[in-house]
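# I'd like to go over a predicted model; first the sequence, then the structure.
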Amino acid sequence: MPSVSDGGVRIHYEVEGDGPAVVVHTGAGGDLSIWRHAGYVEGLRGYRTILIDQRGRGRSDRPTTVEAHRMEWFVEDVRAVLDDVGEESSAFWGYSSGILVGIAFGGAHPTRLRALVGTGGLRLRNLNELPPVDERSEVELDVARGGVRHEVDARMAAENDRFPDAIDENVRSGDPLMHALDGVAWLAWPGPRAVLERTRCPILLLTGEKEDLNRETERTVQALPTARMVRIPGVGHLGVFYRSDLALPHALPFLQEHAR
């Protein structure tokens, strides 16, 4: 299985198909296999789909310090994978907090990001505008709550929905410590506002009707001249991902125009 080492952390990835490159990146839960389970690899035929197990997930290494989970490392993991597969630039499709990795990657390496697709909601508030936290206490609290399992349970209750079994099992099996370290480490990142306001690549946001009820994603898009949003009816944050039959008809024309 292909992998690349970045800062001593081994990052596992897989490549499917031929054509323009598209990196797909998960968010707080799940490894690269959830993109297969949801039908995206098949749906992206005609593209060279690069699936990444982000650090702490799947077959990638699981570093156990907050410092090893800073956003800068996630960005450089994407760069290292693109270098390893010989792609100078790529489109990027992120789910949930994976959108933030795409945004940060574009900020750090603007010539290497052709287009960004985001599945989920997005707000312009910078993460480091939040009150300071005691990192150790926050990590311990999130682990005690069960990590991503707690987050998925809350989504299920709010949206009256659940992932299909294969995705649900994969996401819930994630290491609670990795989820906690990500959440705390990313608070030090300046956040999307600092990057998006100078981003010029085309952006498409696919947001579920049942999520982001305060409409912050709409306000974000209005502030970005290169961005547009599609509100997917009848689904929330879970369904907007696993219902690839609803997402792909919007994403494929966008990629056809901007990723080639």
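Here it is on my side, so go on. Numbering: from 1, shown residues only.

# who are the neighbours in contact with Gly98?
Gly98 makes contact with His25, Thr26, Gly27, Gln54, according to Cβ atoms under 8 Å, 6 or more residues apart in numbering. Just so you know, the C-beta spots here come from the backbone N, C-alpha and C atoms, and that holds for glycine as well.

# Kindly reformat those as CSV containing secondary structure, pLDDT and neighbour count.
Shown next, in CSV, are the contacts of Gly98 (DSSP: H, G, I helix; E, B strand; the rest coil; pLDDT from 0 to 100; neighbours: other Cβ atoms under 10 Å):
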residue, secondary structure, pLDDT, neighbour count
His25, strand, 98, 27
Thr26, coil, 96, 27
Gly27, coil, 93, 23
Gln54, coil, 97, 27
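
# biggest separation within those residues, which pair?
Farthest-apart pair in the contacts of Gly98 is Gly27 and Gln54; separation 8.9 Å (Cβ to Cβ).

# ok, for Asp245, nearest residue in space, not its chain neighbours?
Gly39 (7.2 Å; Cβ to Cβ, 6 or more residues apart in numbering).

# how many other residues sit next to the one you found?
Residues near Gly39, counting by other Cβ atoms under 10 Å, number 15.

# buried ones in the lowest-mean-pLDDT helix or strand in the chain?
When the helices and strands of the chain are scored by mean pLDDT, DSSP states H and E, helix 192-196 comes last with a mean of 80. Using 16 or more other Cβ atoms under 10 Å as the test for burial, helix 192-196 gives Pro192, Arg193, Ala194, Val195, Leu196.

# For that helix, enumerate the helices and strands it packs against.
helix 98-108 (3 or more Cβ pairs under 8 Å, 6 or more residues apart in numbering; DSSP states H and E).

# Helices of the stretch 151-260 of the chain, start to end?
165-172, 176-185, 192-196, 216-222, 239-242, 244-258 (DSSP state H, counting those that start in this stretch).

# Determine which stretch of the ones you listed is the most buried.
helix 239-242 (a mean of 24; mean count of other Cβ atoms under 10 Å).

# Mean confidence (pLDDT) on that helix, please.
Across helix 239-242, the average pLDDT comes to 98.
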